[in-house]
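1. sequence first, then the predicted structure, then my questions.
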Amino acid sequence: MPQSADSKTLRRAFHSLSKTLHPDTTSLPAEEAAYRFQQICEAYELLTDPLQRVAYDERLKSVNMRKQAPTDELLDLSKNISTNFKAMEVRRSFSGGEMFSLLLLVGTLLISLLLAIGFAYIQGRALQIQPSWLIYEERAINVIASLHHYLPITTN
């Protein structure tokens, strides 16, 4: 694919490669297919982001200029390129489906809370109940306090 490929060409190439290398549709072993599919997805994300694409093209030009360099230097340079792009990653915004899912989740929680409060109100239950262990503890404190008046106090 040429360096000057537009987004439409990139999208077509990505879709065709993802169809052939998707772990569910390929005859490759599952681990290899997942690894290749992940590489394709990362490359597509990199090339569709304008800032990362410019940085990638500049690094590619510098690599092409160093074709005469030893192989070890090229490997080190390619490792640096991949780690630098990972550091440049920016969180993507939520998609419409993800936002809708979050909206449904929040709505479900609010409706559940309102239903619980409504049922408690209809049945005449208190919304805040004192735990049973705390009631027993208060009774024990009251019993000890009342016994304290009857016990003789000894001084040394």
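-> Done, it's in.
2. please state the offset of stretch 30-42 from the chain centre?
-> Distance of stretch 30-42 from the chain centroid (C-alpha atoms, centre = their mean, to the nearest Å) equals 19 Å.
3. what mean pLDDT does it get?
-> Mean pLDDT, computed over stretch 30-42, is 84.
4. domain map for this structure?
-> Domain assignment for the chain, taken from automatic domain parsing, gives 7-87, 96-150.
5. I'd like the ones you listed as TSV, with mean neighbour count appended.
-> C-beta coordinates here come from the backbone N, C-alpha and C atoms, glycine included. What follows is those, written out as TSV (neighbours: other C-beta atoms under 10 Å):
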stretch	mean neighbour count
domain 7-87	13
domain 96-150	9
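6. between the ones you listed, which has the poorest mean confidence score?
-> domain 7-87 (a mean of 74).
7. this protein: helices as residue ranges?
-> Listed in chain order, the helices of the chain (DSSP state H) span 7-21, 30-48, 50-65, 71-87, 96-122, 132-150.
8. what angle sits between the second one and helix 50-65?
-> Yep, that's helix 30-48 we're talking about. 100 degrees (axes from the mean of the first three to the mean of the last three C-alpha atoms, to 10 degrees).
9. check the last one too.
-> Relative orientation of helix 132-150 with respect to helix 50-65: 110 degrees, computed using the same axes, to 10 degrees.
10. likewise for the first one?
-> What separates the directions of helix 7-21 and helix 50-65 is an angle of 80 degrees, with the same axes, to 10 degrees.
11. just the CA trace of helix 7-21, in CSV.
-> The C-alpha trace of helix 7-21 is given here as CSV (Å, rounded to 0.1, in the frame of the first residue of the first chain):
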residue,chain,number,x,y,z
SER,A,7,-8.6,6.9,4.7
LYS,A,8,-11.0,5.2,2.4
THR,A,9,-8.2,3.0,1.0
LEU,A,10,-6.9,2.3,4.5
ARG,A,11,-10.4,1.3,5.6
ARG,A,12,-10.9,-1.1,2.7
ALA,A,13,-7.6,-2.7,3.2
PHE,A,14,-8.3,-3.0,7.0
HIS,A,15,-11.7,-4.6,6.4
SER,A,16,-10.3,-7.1,3.9
LEU,A,17,-7.4,-8.1,6.1
SER,A,18,-9.5,-8.3,9.2
LYS,A,19,-11.9,-10.6,7.5
THR,A,20,-9.2,-13.0,6.4
LEU,A,21,-7.2,-12.9,9.7
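12. what does that helix contact?
-> 1, 5, 25-26, 28, 33, 36-37, 40-41, 44, 47-48 (C-beta atoms under 8 Å, 6 or more residues apart in numbering).
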